[in-house]
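Novice: Predicted model and sequence follow; I will ask about them next.
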Amino acid sequence: MSTAPVIYQTEAGKPVYGILAEFATPADVYHAAEKVRDAGFTKWDVYSPFPVHGIEEAMGMSRTKLPLLVGALGLSGACIGFGFQYWVATQGYATVVHGKPYGSWQAFVPVTFEIGVLFTAFSALLGMLIFNGLPRWHHPLLAKERFLKVGDDKFFIGIEAADGKFDPKGVRDLLLAAGATSVELVED
Amino acid sequence: MTAMSAHAHDHSHDHGHGHADSHGHHVDLSESNTSMPAGWGKTASLGLLALGVILSIATLVPVFTGMSSTAEDVVKAAKHAMASYHTGFMVMLGLTLGPLGLVLVLNLVKAGWAITIRRQLENMASLVPVAVVLLVPTIVATMIKPDILFKWMSADPAIRGDALLQAKSPFLNPAFFYIRLAIYFVVWIYLATRLNRLSREQDATGNKQLTVQAGLTSAWGILAFALSVAFVSFDLVKSLDYHWFSTMFGVYFFAGNMVTGIAVLVLTLAVIRSTGRLNGLVTAEHMHDVGKLMLGFTVFWAYVTFSQYFLIWYANIPEETAWYMTRAAGGWEIFGPVLILGHFIIPFLIMLWRGSKRTMGIISAVALLLVVMHCLDMFYCIRPNIYMTFGEGVVKGKLGLNWVDITGILGPVLIFVGLLVRKVGSGPLIPLKDPRLAEAIAHKNYV
């Protein structure tokens, strides 16, 4: 299809962020997530006060690529750590220590290990933030009074208007059929 | 959405009640899933046991066939044979101690996920009394010729007068040595038999109090275990070179035993699963966590082994470096790189991947590699003490490889494997009525 993406607006002319649905229990939101997944949506999320076991399967999420990034950067860190020490000890500032040969690899192992760990830790934290689209100052859902209960005892599904399958009526019907206790439009 | 997945969801929040796995299927706890077929492994067990005994005895052949040559040659052959057998014995002992340590930890931390794998660790630990029998030849040989393995027992005045040995003699003297050995074995046999008995009694009665009792025993047991394992490594391995000292050695020995214990657990589970048993009880989820433990202890082994080497290398004190100098010449120099690669880098890079831990073929292959590497590691600790050459003020090693090195190591290890096969076939493969069984069945790695 070569049609331009549809841009939804409210009657007041404000752009639409998406649709937010509230659910009463973790089981409700779990089964609703399965329905949203089966309907083929890609730009949506489940919001919950606590982790719901198995929700990633119900949402059809693929496994994160974070371990690959962390592994690659961790090993690079170890190589950089070792290489730099070796360069310093043999070229940059060659010094006899304890009468041992220049570039004795044994002495470099602790720092190599630590730099590897340092790179691993930073790439895990920063990679996690980047993959999650964080940090961000504001989220359109936070404008909704009802959504504040996500920190207490309610469960939500938000489907974004940017999703190719988004159509206001269809989404509303889907979420209501899935057991939502309320469904509302969210402005961007 | 299908009815099946709704069912799955209901059960995944049902820990502690129904015996449902993560897919919501009810798990078969009948004998056809939780016991090996009647008569399974009987022939294999007897065959392995016989082979182990024959190989152990065969290790002594060169001692007697060497009778025709000089008395000195006979002593040399006997020392060689005993050192090789001692290597096999230490591997065998480690295969009971590593699992005993894990059983203690699992009981102590109330590990729910590990209930379905715990019985095999208990089986391995329960073979610790066999180690007493296998130690008898070494003790008898030591009685006949005190310095056959332990040079510090020698009557030679040159050795008796050694200042370092005299400084260590309040600890390193034969009487105290045998008393210590007796204490270690009493502690291990008590812990292994008691934890086994409690677990099997629960199979019959389902009494939940037995789990509490096992936890209490493990609480003091783990302290006794930690001290006795460290000290047995000082007595039976480190003291072979009485000049040497390394405070890391106990931890090094412990780490090696944990890695090998977990590796043999993996192989045992692989054999059991290949007969179609433990369906839904030991799944990819459990192997994933066993694999994490194996990876963790492999890294720990490397960490401790390097730390020991690093401090000695850095300080450069002759009494300490002699141990590594012996192992850096005369054919032993290949062992260091082989152990770094085979005991750490290769298993580390393979086990790092999630899929490797969850695929029985890959995790078993790595486990087998680690068992072989542990044998080499013990060989590397024990055997160099037999042949050494002195030159330019430096002690140098000599490999002097012989076929008894293979029979000596394989003998005790095959005896262990033979008895383990019999043990696996003899009763339930899991603690059938453990209160945390449902938790183990529902176990799932969410990442």
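Specialist: Structure received. Numbering: from 1, shown residues only, chains lettered A, B, ... in the order given.

Novice: So which residues on the stretch 301-447 of chain B come close to chain A?
Specialist: When proximity is defined by CB under 8 Å from any CB of the partner chain, the stretch 301-447 of chain B lies next to chain A at B:F306, B:Y309, B:F310, B:W313, B:Y314, B:N316, B:L352, B:R354, B:K444, B:Y446. For the C-beta atoms, the positions are set from N, CA and C on the backbone; glycine is no exception.

Novice: so which one among the residues you listed has the lowest pLDDT?
Specialist: Per-residue confidence across those is lowest for B:Y446, with 74 (pLDDT).

Novice: neighbours of the closest residue to that one other than its chain neighbours, just the number please.
Specialist: Using CB to CB, 6 or more residues apart in numbering or on different chains and skipping residues adjacent in sequence, the residue nearest B:Y446 is A:H53, 6.9 Å away. A count of neighbours around A:H53, defined by other CB atoms under 10 Å in any protein chain shown, yields 18.

Novice: tell me the pLDDT at the residue of chain A at minimum distance from chain B?
Specialist: In chain A, the residue found nearest to chain B is A:E34; the distance is 4.7 Å by CB to the nearest CB. With respect to pLDDT, A:E34 scores 94.

Novice: host element of it?
Specialist: A:E34 is part of helix A:26-38, with elements assigned from DSSP states H and E.

Novice: Can I get that helix in PDB, CA atoms only?
Specialist: This file holds the C-alpha atoms of helix A:26-38, laid out as PDB (Å, rounded to 0.1, in the frame of the first residue of the first chain):
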ATOM      1  CA  PRO A  26      -4.400  -8.700  35.900                       C
ATOM      2  CA  ALA A  27      -6.200 -11.600  34.400                       C
ATOM      3  CA  ASP A  28      -8.400  -9.200  32.400                       C
ATOM      4  CA  VAL A  29      -5.500  -7.200  31.100                       C
ATOM      5  CA  TYR A  30      -3.600 -10.400  30.300                       C
ATOM      6  CA  HIS A  31      -6.400 -11.800  28.100                       C
ATOM      7  CA  ALA A  32      -7.100  -8.500  26.500                       C
ATOM      8  CA  ALA A  33      -3.400  -8.300  25.600                       C
ATOM      9  CA  GLU A  34      -3.700 -11.600  23.900                       C
ATOM     10  CA  LYS A  35      -6.600 -10.300  21.800                       C
ATOM     11  CA  VAL A  36      -4.700  -7.100  20.900                       C
ATOM     12  CA  ARG A  37      -1.700  -9.200  20.000                       C
ATOM     13  CA  ASP A  38      -3.800 -11.500  17.800                       C
END
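
Novice: Centre of the chain to it, how far?
Specialist: When C-alpha coordinates are averaged (CA atoms, centre = their mean, to the nearest Å), helix A:26-38 and its chain have centres 19 Å apart.

Novice: Give me the contact status of the helix or strand following that helix with chain B.
Specialist: Where DSSP H and E defines the elements, the next helix or strand beyond helix A:26-38 is strand A:44-47. No - with CB under 8 Å from any CB as the measure, strand A:44-47 is seen stopping short of chain B, the closest distance being 13.7 Å.

Novice: In its sheet, which strands sit next to strand A:44-47, and in what direction?
Specialist: In the sheet containing strand A:44-47, the strands it pairs with under DSSP bridges are strand A:155-160 (antiparallel).

Novice: Show me the contact partners of the next helix or strand after the partner strand.
Specialist: Using DSSP H and E, the helix or strand that follows strand A:155-160 in sequence is helix A:168-177. If you take CB atoms under 8 Å, 6 or more residues apart in numbering or on different chains as the criterion, helix A:168-177 is touched by A:Y8, A:V16, A:I19, A:A21, A:A32, A:K35, A:V36, A:A39, A:I157, A:I159, A:V183, A:L185.

Novice: Now do helix A:168-177, average pLDDT.
Specialist: 91.

Novice: what about the residue of the stretch 251-400 of chain B found nearest chain A, how many neighbours?
Specialist: Distance from chain A to each residue of the stretch 251-400 of chain B (CB to the nearest CB) is smallest for B:W313, at 5.2 Å. With neighbours defined by other CB under 10 Å, the count for B:W313 comes to 17.

Novice: so it touches B:T321, yeah?
Specialist: Yes - with contact defined as CB atoms under 8 Å, B:W313 and B:T321 form a contacting pair (7.5 Å).

Novice: picking up where we left off before, between the residues of the stretch 301-447 of chain B next to chain A, which is closest to B:A175?
Specialist: Checking those against B:A175 with CB to CB, the nearest one is B:Y309 at 33.5 Å.

Novice: how much space between the closest one and B:W323?
Specialist: For B:Y309, the distance to B:W323 equals 10 Å [CB to CB, to the nearest Å].

Novice: Flag every buried residue along stretch A:34-51.
Specialist: Of all the residues in stretch A:34-51, those buried under the rule 16 or more other CB atoms under 10 Å in any protein chain shown are A:E34, A:K35, A:V36, A:R37, A:F41, A:W44, A:V46, A:Y47, A:S48.

Novice: The third one against A:G179, yeah?
Specialist: No - the pair A:V36 and A:G179 does not pass the contact test of CB under 8 Å, sitting 11.6 Å apart.

Novice: where in the stretch 301-447 of chain B is pLDDT low?
Specialist: Across the stretch 301-447 of chain B, residues meeting the criterion (pLDDT under 70) sit at B:389-394.

Novice: If you count contacts, what does the longest helix belonging to chain A end up packed against?
Specialist: Scanning chain A for the helix with the most residues, using DSSP state H, yields helix A:105-131. Using 3 or more CB pairs under 8 Å, 6 or more residues apart in numbering or on different chains; DSSP states H and E as the contact test, the elements touching helix A:105-131 are helix A:66-87, helix B:284-315.

Novice: mind checking the end-to-end distance for stretch B:102-116?
Specialist: Start-to-end span of stretch B:102-116 (CA to CA, to the nearest Å) is 14 Å.

Novice: Just give me how far it sits from the chain centre.
Specialist: In this view, stretch B:102-116 has its centroid 18 Å away from the chain centroid, taken as CA atoms, centre = their mean.
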